[in-house]
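> sequence and predicted structure are below.
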Amino acid sequence: MGITTSKKIGNAVRRNRARRVIREAFYSLPAGIKGGVDLVFVARGRTPYVKSYEVGRQMEKALACAGVLEKPVSREKL
């Protein structure tokens, strides 16, 4: 997984916050990522201002649409 931010996002503090938000959203995904896939996330202008769970919902939707998410394990079967 790679994360990229440009100077258009803002100063170093905002760029680092955008990276932290994206990283936390990625690590909190309920389903795993299929093997053999390289992912690059690009921070946009709003990224430093939103919460990681909002980014996570959009990230999960985009990854599911792309077909790279594994099926989450149902807790009922455990």
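Received the coordinates, thanks.

> and the helices in this protein?
Per DSSP state H, the chain has helices spanning 12-27, 52-66. These are given in chain order.

> now these in TSV, with mean pLDDT and distance to Leu39?
All C-beta spots, glycine's among them, are computed from the backbone N, C-alpha and C. Converted to TSV, these look like this (pLDDT from 0 to 100; distance: least, Cβ to Cβ, whole Å):
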stretch	mean pLDDT	distance to Leu39
helix 12-27	95	8
helix 52-66	91	8
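
> return the most buried member of these.
helix 12-27 (a mean of 17; mean count of other Cβ atoms under 10 Å).

> now Lys8: phi and psi?
phi -70, psi -20 (degrees, to the nearest 10).

> for Gly56, see how far away it is.
As defined by Cβ to Cβ, to the nearest Å, Lys8 lies at a distance of 23 Å from Gly56.

> contact partners for the residue nearest to the spatial centre of the chain?
Centrality entry for the chain: nearest residue to the mean C-alpha point is Phe26, 3.9 Å, by Cα atoms, centre = their mean. Counting by Cβ atoms under 8 Å, 6 or more residues apart in numbering, Phe26 touches Met1, Phe41, Gly56, Met59.

> farthest-separated two in these?
Greatest spacing in these, by Cβ to Cβ: Met1 and Gly56 (13.6 Å).

> thought Val40 was touching Gly2?
Yes. Using Cβ atoms under 8 Å, Val40 makes contact with Gly2 at a distance of 4.5 Å.

> quick one: contacts for the closest residue to Lys71 other than its chain neighbours?
Nearest residue to Lys71, sequence neighbours excluded (Cβ to Cβ, 6 or more residues apart in numbering): Ala31, at 6.6 Å. Neighbour list for Ala31: Glu60, Ala64, Leu69, Glu70, Lys71, Pro72 [criterion: Cβ under 8 Å, 6+ apart].

> next one: the second one from Arg15, what distance?
Summarising the geometry, the distance separating Ala64 from Arg15, computed by Cβ to Cβ, is 28 Å.

> contacting residues around Gly10?
Neighbours of Gly10 in contact, by Cβ under 8 Å, 6+ apart: Pro48.

> backbone phi and psi for it, please?
Dihedral angles (degrees, to the nearest 10) for Gly10: phi 150, psi -160.
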